[in-house]
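*Asks:* From the sequence below, what's the structure:
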Amino acid sequence: MTTQKVHRVSVAMSVYNPRAEYFREQVDSILGQTSEPVLVMRNDGSPNLETVALCDEYTDRDNVVVIDGVNLGFAAGFLAALRACPDTDYYAFSDQDDFWLPEKLSRAVEELDKAGAVADSVPVMYHSDFVFCDQNLNEVEDTPNRRLSSSLENAVAEAAIPGMVMVFNRAMRERLLSVDPDGIAGHDWLCALISNGYGKTISDPRVSLKYRRHSENVSAGNMGAFQRLSFRIRTFLFGETVGKVRVMIKRVATACSGEFSAHNRELIDLYSRPITVLTQLRKAFWPVRYRETVGDELAFRLLVLLGRM
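*Replies:* Next up is the predicted model:
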């Protein structure tokens, strides 16, 4: 008689037109974890047949679930993959082109267990650190020193914690899936708003992941300092991100009403209101810091005064 293996973590991956060699390295690093997970790969309507074939390479694994879905986009695609995950103690997000160190999930499980997160009705999110690498997974020299914040102020101002380093409990999964994902800024940003707003955030300074920089990876993390500044200015002054952030904050405020502390309730309500001169002044002169560096802090408060947040 064989004993069925108990998987404590489900990993949700949204797949869209991946590069084959990067995708295989990512998936193999997940399946090679010391704490073996269930991996749910949801094809987010990729237009090419190669994506289907890549996912199908892993269908013979009993801990891999492959779903062929319609295109939902960034946030909704990841949350659809999360919804399809089986019932486990914990859940994680994965991109399609990074590399996980073997102990990534076992470390997360250990820290979450210590915090009593399995049975906790409060949403708990663990995150580790990561290193920037080139396309061959060699660590780059200009990896910034990140001090990821657990304040709601930081979660309102930026998506500081990327989804690929997050692991969270059932209560967090329930909260994430209770929010309408249509038109929100990001599944990981949403998770940070919830954990920093009224849940618990566990920050682990240990590196658990290699974040691959390559030409097809479009994000602020894939750019130099000047490029990141230019990207953020374009995004917040002229892009759609601000509207998506405001929509997301309003939905969190509605779905999770009554669960915030008085301080966080005041802040989340402030960012849920229509833009007026008075509300923008209150946001701009909020007594708690939003961002880590002085330059980023001044830039964010200027954006607020300009009515962009």
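
*Asks:* list the buried ones in the one helix or strand residue 300 maps to?
*Replies:* Using DSSP states H and E, residue 300 falls within helix 294-305. When burial is assessed from 16 or more other CB atoms under 10 Å, helix 294-305 yields the following buried residues: 296, 299-301, 303-304. In this view, the C-beta of every residue, glycine as well, is placed from N, C-alpha and C.

*Asks:* before we move on, what about stretch 121-141?
*Replies:* Buried residues in stretch 121-141, defined by neighbour count with 16+ other CB under 10 Å: 122-130, 132-133, 137.

*Asks:* Repeat that for stretch 244-257.
*Replies:* Across stretch 244-257, burial judged by 16+ other CB under 10 Å covers 244-253, 256.

*Asks:* Kindly report the same for stretch 273-292.
*Replies:* 279-280, 283, 286, 289-292.

*Asks:* Just the helices from the stretch 151-300 of the chain, written as ranges.
*Replies:* Here the stretch 151-300 of the chain has its helices, by DSSP state H, counting those that start in this stretch, at 152-157, 170-177, 187-197, 225-238, 241-255, 262-270, 277-284, 294-305.

*Asks:* for the stretch 1-150 of the chain, same thing?
*Replies:* Counting by DSSP H, counting those that start in this stretch, the helices of the stretch 1-150 of the chain are 20-31, 49-56, 74-83, 104-114.

*Asks:* list the contacts for the residue nearest to residue 168 when sequence neighbours are not counted?
*Replies:* Taking CB to CB, 6 or more residues apart in numbering, and ignoring the residues beside it in sequence, residue 168 has residue 125 as its nearest neighbour in space, at 4.3 Å. By CB atoms under 8 Å, 6 or more residues apart in numbering, the contact set of residue 125 is 161, 166-169, 172, 191-192, 194-195, 199-202.

*Asks:* Tell me the one among these nearest to residue 11.
*Replies:* Within these, proximity to residue 11 (CB to CB) peaks at residue 167, which comes in at 9.1 Å.

*Asks:* what mean pLDDT would you report for stretch 128-144?
*Replies:* In this model, stretch 128-144 carries a mean pLDDT of 85.

*Asks:* contacting residues for the closest residue in space to residue 171 that isn't next to it in sequence?
*Replies:* For residue 171, the nearest residue in space outside its immediate sequence neighbours is residue 123; the separation is 4.6 Å by CB to CB, 6+ apart. Shown here is residue 123, whose contacts under the criterion CB under 8 Å, 6+ apart are 168-169, 171-172, 174-175, 194-195, 198-200.

*Asks:* Would you mind measuring from residue 123 to residue 13?
*Replies:* As judged by CB to CB, to the nearest Å, residue 123 and residue 13 stand 21 Å apart.

*Asks:* Kindly check the end-to-end length of stretch 251-263 for me.
*Replies:* Distances were taken as CA to CA, to the nearest Å; on that basis the terminal residues of stretch 251-263 are 18 Å apart.

*Asks:* about what we covered before: give me the local confidence score for the residue nearest to residue 168.
*Replies:* With respect to pLDDT, residue 125 has a value of 97.

*Asks:* Residue 15 now?
*Replies:* Taking residue 15 on its own, its pLDDT is 98.

*Asks:* so who does it touch?
*Replies:* Taking CB under 8 Å, 6+ apart as the criterion, residue 15 is in contact with 23, 41-44, 46, 51, 54-55, 96.

*Asks:* Kindly state the beta-bridge partners for it.
*Replies:* residue 43 (DSSP bridges).

*Asks:* Check the gap between it and residue 122 for me.
*Replies:* Here residue 15 is placed at a distance of 31 Å from residue 122 (CB to CB).

*Asks:* same deal with residue 198?
*Replies:* Residue 198 sits 8 Å away from residue 122 when distances are taken as CB to CB.

*Asks:* same check, this time on residue 203
*Replies:* Using CB to CB, which is the criterion applied here, residue 203 is 17 Å from residue 122.

*Asks:* Mark out where each domain of this protein begins and ends.
*Replies:* 9-220, 223-305 (automatic domain parsing).

*Asks:* For the ones you listed, which has the smallest mean pLDDT value?
*Replies:* Ranked on mean pLDDT, the bottom entry among the domains of the chain is domain 223-305, at a mean of 84.
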